[in-house]
Structures are given as structure tokens and as C-alpha cells.
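Visitor: sequence first, then the predicted structure:
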Amino acid sequence: MKKRIKIKDLLESTDFGKEINVKGWVRTKRGIKTIAFIALNDGSVIHNIQVVVDITKFDEKTVKFITTGSCIGVTGILTESQGKGQAVEIQANEIEVYGTADPASYPLQKKGHTLEFLREIAHLRPRTNTFGAVLRIRHAMSFATHKYFNDKGFYYIHSPIITGSDAEGAGEMFRVTILDDKNPPLKEDGTVDYNQDFFGKETNLSVSGQLEAELTALALSEVYTFGPTFRAENSNTPRHLAEFWMIEPEMAFYDIHDNMDLAEELLKFLISYVLEYCSEDLRFLNNFYDNDLISRLKFIVENKFVRAVYSEAVEILLNSGQKFEFPVKWGLDLQAEHERYLVEKHFKKPVILTDYPKEIKAFYMKQNDDGKTVRAMDVLFPKIGEIIGGSQREENYDRLYSRIKELNIVEDELWWYLETRKFGTVFHSGFGLGFERMILFMTGLGNIRDVIPFPRTPRNAEF
């Protein structure tokens with residue numbers, strides 16, 4: 001058996017006349033008299049390779065089983081294509097059918113399918129052009145993330161998925177337990193006795209790897225986490241998932257300005273990488289879903305991000321004359337419509353906002369001397385709004401402790417976090433980049449459920 005060659009490599013080859021072996025899934029089969037034309041795809045590239053079959057050379061049973069969705073192996077001669085749209089094709093000498101697909105029940109026939117329908121068959125949607133492109137871009141973005149941080153001397157940290165603390169203080173966490181769900185052990189006051197649980201305390205799935213990354217940055221200087229996080233937020237919107245991935249760098253000796261510099265550089269690197277290495281997938285998505293996709297990506301790379309403070313943004317919005325669905329007022333968090341106005345209509349560039357009111361931000365953010373604001377930063381993109389959220393972290397023990405008490409956060413759950421402010425504390429910063437939110441921007445798609453292989457949303461844990 002000849003060694004398999006990927007379709008991506010064959011489409012770039014000029015080694016005509018050579019016998020090759022290719023394997024993949026049949027996208028379509030059409031024929032004229034004694035000739036059949038098979039469009040074959042193996043996932044290595046968005047394009048198919050055409051296999052030309054002289055039906056008279058093959059038994060009828062083999063040809064019959066070559067249908068849309070079936071998996072086959074082909075040995076044949078690589079030749080210059082006579083048709084339009086491709087440079088090469090394969091003249092088949094041998095065909096082996098690995099897996100058949102009943103045309104009557106295979107759901108991915110040659111016709112347009114809505115993204116909503118494809119979510120119902122998430123086990124098959126990677127075989128479509130759209131999801132093949134999305135998954136290849138997702139891979140490229142993952143690789144580029146590790147490459148960027150590795151080349152800058154950062155260390156990759158594996159933060160725990162099971163945790164006893166709530167990094168965001170929002171309380172929207174999935175509980176992890178082995179206790180009997182019908183008859184859990186109870187304390188005298190009637191509450192669940194988690195002392196008898198596996199970990200001897202109440203535990204949850206992590207909403208962020210930030211706190212653990214902070215601890216490690218206070219030893220290794222520059223680290224990042226990149227892993228799954230979970231929010232039990234009952235939000236059925238195109239922007240929310242219950243399980244998603246986060247990129248979270250944490251850096252000792254970085255102030256808020258260093259933090260902004262890193263965020264801008266990372267985003268531009270990731271976009272540049274995908275523009276260079278996923279050009280064909282981007283072109284497909286640009287043509288079929290969002291005609292402005294590629295130009296918008298280049299817009300991010302080519303423009304320096306505007307930096308402004310929250311108070312200035314509120315004034316701009318109040319004086320805009322624009323009617324917003326959500327109210328604009330100092331002290332309220334900005335909504336996506338406000339963020340997009342700032343980026344798309346006012347500044348017409350990506351924006352980094354800083355110095356938010358402390359009441360709408362997390363307990364760990366560095367408090368400014370005005371007593372009202374914190375050194376938070378949000379990076380805002382066109383079409384999507386916030387893409388990164390971060391801050392300089394509060395390194396002062398007394399201020400951090402005071403904020404924890406102010407928010408009624410259980411001190412015992414964060415004793416280890418507080419202790420880092422006792423032993424060799426230093427100013428440090430970090431941020432979180434929602435990976436799926438970034439993929440959504442990179443692909444031009446409109447729903448976050450379409451940029452993760454198997455989305456987890458309220459009332460949906462299929463596949």
C-alpha cells in the first residue's frame with residue numbers, strides 16, 4: 001500500500017504522472033456515461049481534489065457504494081486537470097471503500113444547510129466547508145497563542161479546573177460533588193455537610209485560571225494559562241457559552257500600560273498569523289458569510305489602538321445624540337452597543353478603555369487614589385465589543401483585604417491569595433481573552449455556538 005498523501009499537498013504538487021494514494025470523504029459524485037467525477041476531501045484544506053473514474057475499469061458494486069459521505073481510498077495517477085477550478089486531478093486505478101453512507105439518511109447532501117440545522121448534527125458538521133474552516137482557524141489560533149507566549153519567554157501554567165474559590169465573585173459556578181443527590185448528608189442546621197464530600201469542602205468548576213496564574217507569576221515573572229472555564233449563567237444569547245476556553249497571561253513587574261501594550265501586541269500577532277496561514281479558509285468565510293471579514297482583520301493589524309478612560313467614554317456616549325437600548329450613566333457598565341459605537345462610529349479604531357468604577361469591577365483590581373476607580377482595562381473591537389478584560393492587580397494587602405470584606409467574600413477561601421501580598425508583593429497585571437469570542441471575530445460568524453466543536457449552553461449538553 002502506497003503512503004497516503006494529504007490533499008493539501010497534492011493540490012500544490014506538480015509531480016504529474018506519479019502514482020499517489022489519497023484517502024478522504026466523498027463530498028459529491030457525478031457522472032457522464034462511463035466516467036464518474038468524485039470530489040474528495042480529507043480535512044487538510046478547504047478545497048476538494050477531483051478523482052476521475054473510468055467506470056468500465058471497476059466492478060459495479062464498488063461504484064455503487066461511492067456516495068456522498070462515504071469514505072474511500074484512491075490509488076491513481078496525478079495529472080493536470082482539464083476542467084476549470086482546479087490545477088490537478090487524479091485518474092483512479094484502484095478504489096477501496098472504507099465506510100459507506102446511505103444516501104437516503106446521510107444529512108449532508110449537496111445543498112445549503114443552515115447553521116442552526118448543523119448545530120443539531122454537531123457530530124457531522126466538521127465535514128462541511130464552514131466548520132472545516134472554523135476548526136482549522138481554531139487550531140491555528142491555538143498554536144499561535146503558544147508560539148507568541150513561548151517566543152516572549154512566558155511559561156505555560158496548568159491552572160486547576162476544580163476549585164474552591166470564585167475568581168470573579170459572581171457565584172455562577174457549576175458544583176462538583178459525589179454526594180448523594182437525593183439524600184445528601186446534612187448538618188444540624190439543615191444545610192449540606194460538604195465535610196463528607198470528596199474534597200471535604202464545597203468545590204466547583206473554575207470560572208478562571210487567573211488567581212492561580214497570579215501566584216505563579218509572583219515566582220516565574222511571566223506566565224499564562226490557556227484552558228477551559230465554566231459559567232453556570234443562564235444566558236441563551238449568541239455570545240454566551242457555559243463551557244469556553246480562556247487565554248490568561250499574568251505578569252509581575254507590569255503596570256496597566258505594560259498590560260495594554262501586551263494585549264494589543266498579542267491580538268495583532270494572532271490576527272496576522274491567521275491572515276498568513278489560513279488565507280483560503282478566511283477567503284471562503286469572507287465570501288459566504290461576511291464580505292468585510294478580511295478587511296476588518298487587516299484594519300485591526302494596521303491601526304494603533306486608541307486609549308481612553310471610562311469617564312471620557314461615558315461623556316462621548318452621552319453627547320453622541322445616539323439612541324441606545326441600554327442607559328448610559330457614570331457608574332453603569334458599558335453594553336456591547338456602547339462599546340461598538342465607540343469603536344465603529346466615534347474613534348473608528350480599536351479602543352482600550354481604562355479606569356472603570358470599582359463597583360462594577362472585580363475585587364482584585366488595583367484601586368486608584370481617587371477611591372472611586374480601578375486600573376481595569378477592556379479592549380474593544382468592531383462588531384463584537386469587548387474582546388479582552390484585564391487590569392493591574394491590587395498588590396497592597398490592606399486595600400485588597402478591605403475590598404474582600406466590603407464585598408462579603410469569604411476570607412477563608414482566599415487566605416492563600418492574600419498571603420502573596422504579605423511575602424514579597426510587587427505590582428503585577430494580567431488579562432483574559434475569551435478564545436471563542438476571538439474565533440467569532442476571526443471567522444465573521446454571528447453565533448458563538450458555531451466556533452466551538454461541541455457547544456455547551458443552557459439545556460444543551462448533547463454530543
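Guide: Structure received.

Visitor: all helices for the chain, in order.
Guide: Using DSSP state H, the helices assigned to the chain run over residues 7-11, 60-65, 115-120, 129-151, 210-220, 256-277, 279-288, 293-302, 310-318, 336-340, 397-406, 415-419, 435-443.

Visitor: for the longest one, which helices and strands make contact with it?
Guide: To tie it back to what came earlier, the one meant is helix 129-151. helix 115-120, strand 155-156, strand 222-230, helix 256-277, helix 279-288, helix 435-443 (3 or more Cβ pairs under 8 Å, 6 or more residues apart in numbering; DSSP states H and E). For glycine as for every other residue, the C-beta is placed from the backbone atoms N, C-alpha and C.

Visitor: pLDDT of the third one, averaged?
Guide: It refers to strand 222-230. For strand 222-230, mean pLDDT rounds to 97.

Visitor: tell me what that strand is packed against?
Guide: helix 129-151, strand 155-156, helix 210-220, strand 243-252.

Visitor: the shortest one too?
Guide: When contacts are defined as 3+ Cβ pairs under 8 Å, 6+ apart, strand 155-156 packs onto helix 129-151, strand 222-230.

Visitor: deepest-packed of those, please.
Guide: strand 222-230 (a mean of 21; mean count of other Cβ atoms under 10 Å).

Visitor: tell me the strands beside that strand, with direction?
Guide: strand 155-156 (parallel), strand 243-252 (antiparallel) (DSSP bridges).

Visitor: distance from the first one to the middle of the chain?
Guide: When C-alpha coordinates are averaged (Cα atoms, centre = their mean, to the nearest Å), strand 155-156 and its chain have centres 19 Å apart.

Visitor: contacts for that strand?
Guide: 146, 149, 150, 216, 220, 222, 223, 224, 225, 226 (Cβ atoms under 8 Å, 6 or more residues apart in numbering).

Visitor: ok, the residue nearest to residue 91 when sequence neighbours are not counted - contacts?
Guide: Once flanking residues are discounted, residue 91 sits nearest to residue 77: 4.7 Å by Cβ to Cβ, 6 or more residues apart in numbering. If you count contacts by Cβ under 8 Å, 6+ apart, residue 77 has them with 17, 18, 19, 20, 90, 91, 93.

Visitor: and with 7 Å instead?
Guide: 17, 19, 90, 91, 93 (Cβ atoms under 7 Å, 6 or more residues apart in numbering).

Visitor: so which of those residues is the closest to residue 304?
Guide: Lowest distance from residue 304 to the contacts of residue 77 (Cβ to Cβ) belongs to residue 90, with 48.7 Å.

Visitor: pipe the helices of the chain into CSV and attach distance to residue 73 per row.
Guide: Converted to CSV, those look like this (distance: least, Cβ to Cβ, whole Å):
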stretch, distance to residue 73
helix 7-11, 12
helix 60-65, 12
helix 115-120, 27
helix 129-151, 20
helix 210-220, 46
helix 256-277, 28
helix 279-288, 24
helix 293-302, 35
helix 310-318, 59
helix 336-340, 48
helix 397-406, 62
helix 415-419, 56
helix 435-443, 31
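
Visitor: just the buried positions in stretch 361-369, please.
Guide: 361, 362, 363, 364, 365, 366, 367, 368 (16 or more other Cβ atoms under 10 Å).

Visitor: revised request: answer the last question for stretch 8-27.
Guide: Under the neighbour-count criterion of 16+ other Cβ under 10 Å, stretch 8-27 has 8, 10, 11, 20, 21, 22, 23, 24, 25, 26, 27 buried.

Visitor: how much space between the nearest residue to the fifth one once chain neighbours are set aside and residue 75?
Guide: What that stands for is residue 21. Excluding the flanking residues, the one nearest residue 21 by Cβ to Cβ, 6+ apart is residue 2, at 3.9 Å. Distance, residue 2 to residue 75, using Cβ to Cβ, to the nearest Å: 6 Å.

Visitor: now do the shared contacts for the two.
Guide: Counting by Cβ under 7 Å, 6+ apart, the shared contacts of residue 2 and residue 75 are 19, 21.

Visitor: more neighbours: those two, which one.
Guide: It is residue 75, of residue 2 and residue 75, that has more neighbours when counted by other Cβ atoms under 10 Å, with 18 against 11.

Visitor: beta partners for the more buried one?
Guide: Taking DSSP bridges, one obtains residue 21, residue 94 as the residues bridged to residue 75.

Visitor: so what pLDDT did it get?
Guide: At residue 75, pLDDT is 97.

Visitor: need the contact list for it.
Guide: 2, 19, 21, 93, 94.

Visitor: OK, contacts around residue 457?
Guide: Residue 457 sits next to 236, 241, 242, 449 when contact means Cβ under 7 Å, 6+ apart.

Visitor: can you select the buried ones among those residues for me in PyMOL?
Guide: The buried subset of the contacts of residue 457, as determined by 16+ other Cβ under 10 Å, is captured in PyMOL by this line:
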select buried, resi 241+242+449
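
Visitor: switch the contacts of residue 457 over to CSV; also include pLDDT and distance to residue 393.
Guide: Formatted as CSV, the contacts of residue 457 follow (pLDDT from 0 to 100; distance: Cβ to Cβ, whole Å):
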residue, pLDDT, distance to residue 393
236, 84, 33
241, 94, 26
242, 95, 27
449, 96, 33
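
Visitor: in strands only, show me the contacts of residue 457.
Guide: Among the contacts of residue 457, no member is found in strands (DSSP state E).

Visitor: right, and out of the contacts of residue 457, which lies closest to residue 183?
Guide: So of the contacts of residue 457, ranked by how close each gets to residue 183 (Cβ to Cβ), first place is residue 242, at 27.4 Å.
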